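S.K.: I'd like to go over a predicted model; first the sequence, then the structure.
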Amino acid sequence: MSNSDIAHWDLVHQKTYKGTESHSKYAEEKEVLFPRNSLVVDLGAGTGADALYFARKGHKVILLDISNYALEKAKERAVKEGLQENIFTQQTDFGLDELPIKSDSADVVYSRISLHYFESNHTMKLFRDIYRILKIGGVAYLTFKSPKDHVEMEYLRKRASEFEKNVFIENGQLRSRFTVEQLNSILEKAGINDFSVNEYIEDLFDISGNLLGKLYLNEVVIRKFG
Ligand SMILES: C[S@@+](CC[C@H](N)C(=O)[O-])C[C@H]1O[C@@H](n2cnc3c(N)ncnc32)[C@H](O)[C@@H]1O
């Protein structure tokens, strides 16, 4: 695990965590599709706002993240709410490690804006690993930031260098902004047959329910059939 990546993400979470974050609109929209009492693996769960929402709904959730600080905060919140039985955490660097999850075990793999830190070849390996951990009949719901956020793309083009098409590097950190077509091609290369990729715009709200802005995303859905 790269110490500088861990330190970077610990610091990001230390600066931004308030303890009052509510779950995302995306989590709410997807949870109704989960089988009841699922085993959910949340990749890049951060401080756990979405994972805790799933736990409140009765699912068991494994939170994986590079930041131990974030995972500790998620556990603290779970204990406060009496949800500790439904929450499991493990520090993992998706850039280095295979996912520490048994093959064919997850009903749902969920990841909200946490998998766009890798170049296309590594993203392909991650898709294969996500497929490996899904149960037969399981589904993965994954969102990636998209290049349709023109303000952000302008920033990246100005401030970062392009490492490969739509993958930027700034201060040693990679950020991918793959198009729908690029994601389709990466999934095909991964040998996955049952998937869809669609543009997805997520509304962002503050804790009082006021609209803060929009996230321009691409959603990847992978299904594992027998
Ligand atoms: C933009 S945040 C999203 C967090 C959460 N899913 C959400 O919706 O708020 C990205 C998350 O990915 C984690 N992350 C970044 N690079 C990672 C890596 N190489 N391996 C594992 N997690 C990583 C960060 O610590 C952070 O929690």
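M.R.: Nice, thanks for sending it over.
S.K.: so which residues on the protein come close to the ligand?
M.R.: 5, 9, 24, 44-46, 50, 65-67, 70, 92-95, 112-114, 117 (C-beta under 6 Å from any ligand atom). C-beta: built from backbone N, CA, C; applies to glycine.
S.K.: roughly how far apart are the residue nearest to G58 when sequence neighbours are not counted and D65?
M.R.: In space, and not counting its chain neighbours, G58 is closest to N37: 5.5 Å by C-beta to C-beta, 6 or more residues apart in numbering. Distance of N37 to D65, computed by C-beta to C-beta, to the nearest Å: 23 Å.
S.K.: who has more neighbours out of the two?
M.R.: A direct count of neighbours by other C-beta atoms under 10 Å for N37 and D65 places D65 higher, at 26 against 11.
S.K.: wait, doesn't that one sit right on K75?
M.R.: No: with contacts counted by C-beta atoms under 8 Å, D65 stays clear of K75, the gap being 11.5 Å.
S.K.: any shared contact partners between these two?
M.R.: Shared contacts of D65 and K75 (C-beta atoms under 8 Å, 6 or more residues apart in numbering): T89.
S.K.: and the gap between the residue nearest to G58 and the ligand?
M.R.: Distance of N37 to the ligand, given as C-beta to the nearest ligand atom, to the nearest Å: 22 Å.
S.K.: do you know the pLDDT at that residue?
M.R.: For N37, the pLDDT comes out at 98.
S.K.: double-check that it belongs to a helix.
M.R.: No: according to DSSP: H, G, I helix; E, B strand; the rest coil, N37 belongs to no helix; its state is coil.
S.K.: for it, what are its contacts?
M.R.: 58-60.
S.K.: of those residues, which is the nearest to the ligand?
M.R.: Within the contacts of N37, the smallest distance to the ligand is 15.7 Å, found for H59 (C-beta to the nearest ligand atom).
S.K.: L39 is in contact with the closest one, correct?
M.R.: Yes: counting by C-beta under 8 Å, H59 touches L39, with 7.3 Å between them.
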